[in-house]
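*Asks:* from the sequence below, what's the structure:
(one chain, ligands or ions: 1)
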Amino acid sequence: FLADGDTCRGQALDEIHAAVMARPCDGKVADYIPALASVDANRCGIAFATLDGEMHAAGDANIPFSIQSISKVFGLVLAMQRMGDDIWQRVGMEPSGQPFNSIVQLEWEHGIPRNPFINAGAILVADTLVSHFSSSRQAFLSFVRRLAGCERCDINEEVLASESRHGSRNAALAHLMKSFGNIEAEVDDVLSHYFFQCSLEMSCTELAQSLLFLANRGVHPLSAERVTTPRDAHRVNAILSTSGMYDQSGQFAFSVGLPAKSGVGGGIVAIVPGLGVISAWSPALNKHGNSTRALTMITELAGRLGLSIY
Ligand code: GLN
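*Replies:* The predicted structure is shown next:
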């Protein structure tokens, strides 16, 4: 099996994708912003990029989609590069057990978000980016493009406008943190950065390639760029394992056992340390905001190839 790993992985992807497409699709496409609701629910793709440069793909793996909360991973890594350990004074590292946009804990915990992957935490990270870069949007976009090896990756203006118009809850989170003194920049600037990064579109193959450094102790294997220290790659993966799938993170650890991040655009990325990155996409979501088909495909692939880190 190991000697024949590549063939095995490619075949597994094809079979798992075909099996999921043969079954009716559960879940519902995100409709909290109108621009996301118009996406075709039948889209479905999966890619597996490996550290040795292989890329396996099945279905709609090359179609760009709204990465939404997966952008929180790029934002955090960029902020860690820029701020070092100071960031952990302002955002926690515990699972929230609450929906991704929950506000209650933030009041109890004096404006310190539980972790960087719930909305409050990512808005806090956006504040550090706005405060540390003259143009945080440009810095963010260049960073992701470099990691993905793709100049084409861009934001979707319609999604961005829609996010901004329907962002009352995120605005409430930002204002509450500001009232506790945990947001430095102007709330409007912080929110506009946050909505910008959520509106980025990438395909499964681009996403898988861009996050390879997390499977490789911080070094991007294709460019040889050191993106984080091994310790910081460990830390990001640790928080992804406990908090990357929102209030379904425990179940995901139980059934899959990989650091992972989901977004309400229907994407999920899963890091396989020492091996590569899986990225799956299909728009219909379960009640936690995680893609039903992407979850099924990653669960089946990880089980079949024995990828759990535990
Ligand atoms: N843009 C979305 C929001 O802020 C991202 C949430 C998500 O993908 N879970 O609500």
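*Asks:* going by C-alpha atoms from here, please, whenever you check contacts or count neighbours.
*Replies:* Fine.
*Asks:* what about the nearest residue to His110 once chain neighbours are set aside, how many neighbours?
*Replies:* Excluding the flanking residues, the one nearest His110 by C-alpha to C-alpha, 6 or more residues apart in numbering is Phe180, at 6.2 Å. For Phe180, the number of neighbouring residues by other C-alpha atoms under 10 Å comes to 14.
*Asks:* you'd agree Phe180 is up against Trp108?
*Replies:* No: judged on C-alpha atoms under 8 Å, Phe180 makes no contact with Trp108 at a distance of 11.1 Å.
*Asks:* which parts of the chain are helices?
*Replies:* 5-22, 34-37, 71-83, 104-108, 119-132, 136-148, 157-165, 168-179, 187-198, 204-210, 230-243, 249-255, 292-305 (DSSP state H).
*Asks:* out of these, deepest packed?
*Replies:* Ranked by mean neighbour count, those are led by helix 204-210 with a mean of 27 (mean count of other C-alpha atoms under 10 Å).
*Asks:* so how far is it off the chain centroid?
*Replies:* Mean-position distance between helix 204-210 and its chain equals 11 Å (C-alpha atoms, centre = their mean, to the nearest Å).
*Asks:* who's in contact with it?
*Replies:* Identification of contacts with helix 204-210 by C-alpha atoms under 8 Å, 6 or more residues apart in numbering yields 45-49, 55, 57, 61-64, 144, 146-150, 267, 269, 276-281.
*Asks:* quick check: residues of the stretch 101-250 of the chain near the ligand?
*Replies:* 119, 198 (C-alpha under 6 Å from any ligand atom).
*Asks:* which residue does the stretch 101-250 of the chain bring closest to the ligand?
*Replies:* Of the residues in the stretch 101-250 of the chain, the one nearest the ligand is Cys198, at a distance of 5.1 Å by C-alpha to the nearest ligand atom.
*Asks:* so that residue versus Gly257, what's the distance?
*Replies:* With distances taken as C-alpha to C-alpha, to the nearest Å, Cys198 is found 26 Å from Gly257.
*Asks:* hey, least reliable of the helices of the chain by pLDDT?
*Replies:* Ranked by mean pLDDT, these bottom out at helix 34-37, with a mean of 87.
*Asks:* hmm, it in reach of the ligand?
*Replies:* No: using C-alpha under 6 Å from any ligand atom, helix 34-37 never reaches the ligand; the gap is at least 9.9 Å.
*Asks:* could you chop the chain up by domain?
*Replies:* Using automatic domain parsing, the domain ranges for the chain come out as 5-66+201-305, 69-198.
*Asks:* re the thing from before, which of the contacts of helix 204-210 are buried?
*Replies:* Those of the contacts of helix 204-210 that meet the buried threshold are 45-49, 55, 57, 61-64, 144, 147-148, 267, 269, 276-281, by 16 or more other C-alpha atoms under 10 Å.
*Asks:* so which of those residues sit within strands?
*Replies:* 45-49, 55, 57, 267, 269, 276-281 (DSSP state E).
*Asks:* closest to Gly92 out of these?
*Replies:* Val269 (21.9 Å; C-alpha to C-alpha).
*Asks:* what's the closest non-adjacent residue to the closest one?
*Replies:* With C-alpha to C-alpha, 6+ apart, the residue lying closest to Val269 is Ser279, at 4.3 Å.
*Asks:* sorry, back to before: would you agree the residue of the stretch 101-250 of the chain closest to the ligand is in contact with Ser71?
*Replies:* Yes: shown here, Cys198 and Ser71 form a contact pair, counting by C-alpha under 8 Å, at 5.9 Å.
*Asks:* just want the most central residue of the chain.
*Replies:* Ile70 (1.8 Å; C-alpha atoms, centre = their mean).
*Asks:* skipping adjacent residues, who's closest to that residue in space?
*Replies:* Nearest non-adjacent residue to Ile70 (C-alpha to C-alpha, 6+ apart): Gly263, at 5.3 Å.
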